[in-house]
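[1] following is a predicted model, sequence given first.
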Amino acid sequence: LNQPLLHLDLMDGQFCPQFTVGPWAVGQLPQTFIKDVHLMVADQWTAAQACVKAGAHCITLQAEGDIHLHHTLSWLGQQTVPVIGGEMPVIRGISLCPATPLDVIIPILSDVEVIQLLAVNPGYGSKMRSSDLHERVAQLLCLLGDKREGKIIVIDGSLTQDQLPSLIAQGINRVVSGSALFRDDRLVENTRSWRAMFKVAGDTTFLPSTA
């Protein structure tokens, strides 16, 4: 897909303190965007259904937010959404808070295409130390082993551009960045710089997303 990707955080004020937008916002975005939705809500099943109806192309669930993850992911795996020129299957993701054990994703590895590691706790300012984040990425890659192929590894949360080279070298595919892109009111320049770092690494498919 050659369309730009836009990442949206949906928060309901229950799973985490903040309240952002609901699934309705997904449907308001132009069709030119691939809509990547991260659910941080108490009722992921209902929100996931509404997001698919609104045209979300990728839906990432929180591992901590639903005891029925397998059911929701299985349903998402049967859905398609419109894209320019046709349709595509919904891409499924799982996201983990900094303190969540990585092995909770083992039972659902075959049901997800995206694995997202949060570098911050949703709704709070507490941020992982860079060394701890690198260790967590290494642990994830070790856990995946030969199941790494075909998985998109994402890092989300308060990253700096200085952290990118070493994370890319470890094998991540995408970063989700909001505040860093808007730093010093230099959105265009910062976005170009982040994209360039991924291109230098040889990955031109999965580029920084805007939260």
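    Received it, and whenever you're ready, just let me know what you need. All values reported here derive from a predicted model rather than from experimental measurement.
[2] dump the residue contacts of residue 29.
    6, 35, 55 (CB atoms under 8 Å, 6 or more residues apart in numbering). For the C-beta atoms, the positions are set from N, CA and C on the backbone; glycine is no exception.
[3] most neighbours among those, which one is it?
    Neighbour counts for the contacts of residue 29 (other CB atoms under 10 Å) peak at residue 35, which has 23 neighbours.
[4] so who does that one touch?
    Residue 35 neighbours (CB under 8 Å, 6+ apart): 6, 8, 26, 29, 55-58.
[5] any idea how far residue 38 is from residue 131?
    25 Å (CB to CB, to the nearest Å).
[6] equivalent analysis for residue 125, please.
    Residue 125 is 18 Å from residue 38, by CB to CB.
[7] can you check residue 93 too?
    8 Å.
[8] where do the contact lists of the two overlap?
    Contacts common to residue 93 and residue 38, judged by CB under 8 Å, 6+ apart, are 60, 116.
[9] show me where the protein has its strands.
    5-11, 34-40, 58-62, 80-83, 86-89, 91-96, 114-118, 152-156, 174-177, 209-210 (DSSP state E).
[10] which secondary structure elements does the fourth one contact?
    When contacts are defined as 3 or more CB pairs under 8 Å, 6 or more residues apart in numbering; DSSP states H and E, strand 80-83 sits against strand 86-89.
[11] contact partners of the strand it packs on?
    Residues contacting strand 86-89 (CB under 8 Å, 6+ apart): 1, 57, 77, 79-81.
[12] alright, I will stop here.
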